[in-house]
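Peer 1: my questions are about this predicted structure, shown below with the sequence.
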Amino acid sequence: MIPVTDRLAIEDDEISISFIRAGGPGGQNVNKVSSAAQLRFDVRNSPSLPERVRERLERIAGTKLTKDGIIVITANRFRTQEANRRDAIDRLVEMIAAAAHQPKFRVPTKPSRAAKKKRVEEKVKRGSVKKLRSRRPSSED
């Protein structure tokens with residue numbers, strides 16, 4: 001079990017991790033060792049996810065989501081398989097946790113008539129102050 005939130009967890013067998021060769025620093029060793037982790041998680045067929053979380057997760061995943069509904073995360077920040085494996089799992093958990101967070105329902109409001117009137121009066125007052133400042137003294141003074 002991989003805990004995501006206090007109410008949501010995914011089974012270990014729902015994710016598959018394979019190791020691939022990673023580029024970057026490491027000298028000749030980088031050509032021999034497969035240290036990058038590639039995690040695959042089937043969103044559409046996951047029994048652990050509620051429908052609303054599944055829909056939001058597909059939107060959040062973006063380019064990481066394949067046409068078949070599989071999230072593919074490649075982790076190659078670290079030089080060891082275990083660190084990259086942990087990083088890939090953490091990124092998946094973070095993504096699922098973001099999808100599990102339900103945004104608050106917002107009711108759009110409009111300003112009251114008094115608020116509109118006050119705003120216009122303040123604008124007129126400010127404009128008149130600026131107009132008084134911009135007047136140049138006449139040459140007769």
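Peer 2: Structure's in. What do you need?
Peer 1: show me where the protein has its strands.
Peer 2: 2-3, 9-10, 15-20, 36-42, 70-75 (DSSP state E).
Peer 1: just name the most buried of the ones you listed.
Peer 2: Across the strands of the chain, averaging neighbours per residue (mean count of other CB atoms under 10 Å) puts strand 36-42 on top, at a mean of 21. Just so you know, the C-beta spots here come from the backbone N, C-alpha and C atoms, and that holds for glycine as well.
Peer 1: give the buried residues for the longest helix anywhere in the chain.
Peer 2: Taking DSSP state H as the criterion, the chain has its longest helix at helix 113-134. Within helix 113-134, no residue is scored as buried using 16 or more other CB atoms under 10 Å.
Peer 1: just send the strands of the chain back as a markdown table, with mean pLDDT and distance to Ala114 too.
Peer 2: Below are the strands of the chain laid out as a markdown table (pLDDT from 0 to 100; distance: least, CB to CB, whole Å):
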| stretch | mean pLDDT | distance to Ala114 |
| --- | --- | --- |
| strand 2-3 | 78 | 51 |
| strand 9-10 | 80 | 52 |
| strand 15-20 | 85 | 57 |
| strand 36-42 | 88 | 54 |
| strand 70-75 | 89 | 51 |
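Peer 1: export the ones you listed as CSV, with columns for distance to Ala115.
Peer 2: Shown next, in CSV, are the strands of the chain (distance: least, CB to CB, whole Å):
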stretch, distance to Ala115
strand 2-3, 47
strand 9-10, 48
strand 15-20, 53
strand 36-42, 49
strand 70-75, 46
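Peer 1: which one of those strands lies nearest to Ala97?
Peer 2: Ala97 sits nearest to strand 2-3 of all the strands of the chain, at 9.8 Å, using CB to CB.
Peer 1: look up how far Val129 lies from Val120.
Peer 2: Relative to Val129, Val120 is positioned 15 Å away (criterion: CB to CB, to the nearest Å).
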